[in-house]
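**Q** fold the stuff below for me.
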Amino acid sequence: MAHSMEIERRFFIDGRSQKPWRDGFKSSSIKQYYLDYEHFEILGRDLIYHNITLVGLSDEELKIISSSDSLTSRIRKVDQRAILTMKGNVSRASAIELEWEIKTNNADEVINLKSFPYVEKTRYFWSGIDDLVWEVDEFEGGLAGLILAEVELSDENQEVELPEWLGMELTGLSNWSNAALAKTLSNN
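**A** Numbers count the residues shown, from 1 in each chain. Below you'll find the model as predicted:
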């Protein structure tokens with residue numbers, strides 16, 4: 001897959017009241033492992049992590065990865081699938097994102113190399129009155145009780161109808177990213 005630009009806004013949710021995102025909406029179980037970017041290498045057109053070939057790269061993907069000092073890198077296990085993602089911030093609400101579905105046995109081989117920082121969550125997909133889809137993450141494990149919501153936009157200035165159950169906006173606060181939360185957990 002070629003790169004895409006991810007533009008999103010993120011918010012806290014106070015989960016002590018009603019949870020409308022649970023009412024008949026689709027959900028997925030997610031576990032995200034954050035990898036050490038410096039252990040990736042490119043051999044020919046292949047992206048490799050500790051001698052495990054994960055994906056073949058297009059010219060555009062090769063250029064993006066080769067020109068980046070560091071990209072937040074993760075393997076996301078979603079239900080029965082494994083997805084490798086690399087992200088790099090462009091602005092407060094925008095990030096360049098590379099994403100590939102990879103073989104689950106390759107994902108498991110990488111995940112079993114060491115104890116990577118990770119987060120576990122259930123993600124709900126809630127449709128707003130403006131037809132935008134909100135991803136509501138209810139975290140589990142060491143982050144149990146934390147609920148965050150995000151909505152992807154077509155541009156940073158797009159109008160959004162904010163649901164009444166949203167709390168403080170977290171857009172652009174890097175210490176509230178999933179990667180930062182995972183690293184905080186692994187340091188405890």
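**Q** excluding chain neighbours, what is closest to the residue nearest the centre of the chain?
**A** Closest residue to the average C-alpha location of the chain: N178 at 6.7 Å, with CA atoms, centre = their mean. Among residues not flanking N178 along the chain, V119 sits closest, at 5.3 Å (CB to CB, 6 or more residues apart in numbering). Every C-beta, even on glycine, is put in place using the N, C-alpha and C of the backbone.
**Q** what's the spacing between the one you found and Q32?
**A** 5 Å (CB to CB, to the nearest Å).
**Q** please enumerate the helices of the protein.
**A** Ranges of helices in the chain, per DSSP state H, are 59-66, 104-111, 178-186.
**Q** quick check, pLDDT for the residue sitting furthest away from the middle of the chain.
**A** Residue farthest from the centre of the chain, counting by CA atoms, centre = their mean, is G44 at 27.1 Å. G44 is assigned a predicted lDDT (pLDDT) of 95.
**Q** would you check how far apart it and N51 are?
**A** G44 is 14 Å from N51, where distance means CB to CB.
**Q** related to what we said a few turns ago, joint contacts of V119 and Q32?
**A** The contact sets of V119 and Q32 overlap at 178, 182 (CB atoms under 8 Å, 6 or more residues apart in numbering).
**Q** which one's more surrounded, the two?
**A** Neighbour count, other CB atoms under 10 Å: between V119 and Q32, V119 has more, with 25 against 21.
**Q** against S67, how distant is the more buried one?
**A** From V119 to S67 the distance is 28 Å (CB to CB).
**Q** same check, this time on M5
**A** Note on M5: its distance to S67, by CB to CB, is 16 Å.
**Q** ok, the two, which is more surrounded?
**A** M5 (12 against 8).
**Q** thinking again about what came up before, who touches the residue nearest to N178 in this structure?
**A** Contacts for V119 (CB under 8 Å, 6+ apart) come out as 31-32, 139, 141, 143, 178, 181-182, 185.
**Q** put the buried members of the residues you listed into a ChimeraX selection.
**A** A single ChimeraX command selects the buried members of these (16 or more other CB atoms under 10 Å):
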select :32,139,143,178,181,182,185
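**Q** pLDDT added to the contacts of V119, as TSV?
**A** Output for these, formatted as TSV (pLDDT from 0 to 100):
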residue	pLDDT
K31	97
Q32	97
F139	97
G141	95
L143	96
N178	95
L181	96
A182	96
L185	87
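**Q** just the contacts of V119 now: which is nearest K77?
**A** K31 (4.7 Å; CB to CB).
**Q** just the CA atoms of stretch 115-129, as PDB, please.
**A** Written as PDB, here are the backbone C-alpha positions of stretch 115-129 (Å, rounded to 0.1, in the frame of the first residue of the first chain):
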ATOM      1  CA  SER A 115       8.800  -7.900  25.500                       C
ATOM      2  CA  PHE A 116       7.600  -4.900  23.400                       C
ATOM      3  CA  PRO A 117       5.600  -2.100  24.900                       C
ATOM      4  CA  TYR A 118       1.900  -2.600  24.000                       C
ATOM      5  CA  VAL A 119      -1.600  -1.600  24.600                       C
ATOM      6  CA  GLU A 120      -4.800  -3.600  24.600                       C
ATOM      7  CA  LYS A 121      -8.200  -2.200  23.800                       C
ATOM      8  CA  THR A 122     -11.600  -2.700  22.400                       C
ATOM      9  CA  ARG A 123     -12.400  -0.300  19.500                       C
ATOM     10  CA  TYR A 124     -15.900   0.700  18.800                       C
ATOM     11  CA  PHE A 125     -17.000   2.400  15.500                       C
ATOM     12  CA  TRP A 126     -19.700   5.000  16.200                       C
ATOM     13  CA  SER A 127     -21.300   7.100  13.500                       C
ATOM     14  CA  GLY A 128     -21.900  10.800  14.300                       C
ATOM     15  CA  ILE A 129     -24.800  12.900  13.000                       C
END
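**Q** right, I'll leave it there.
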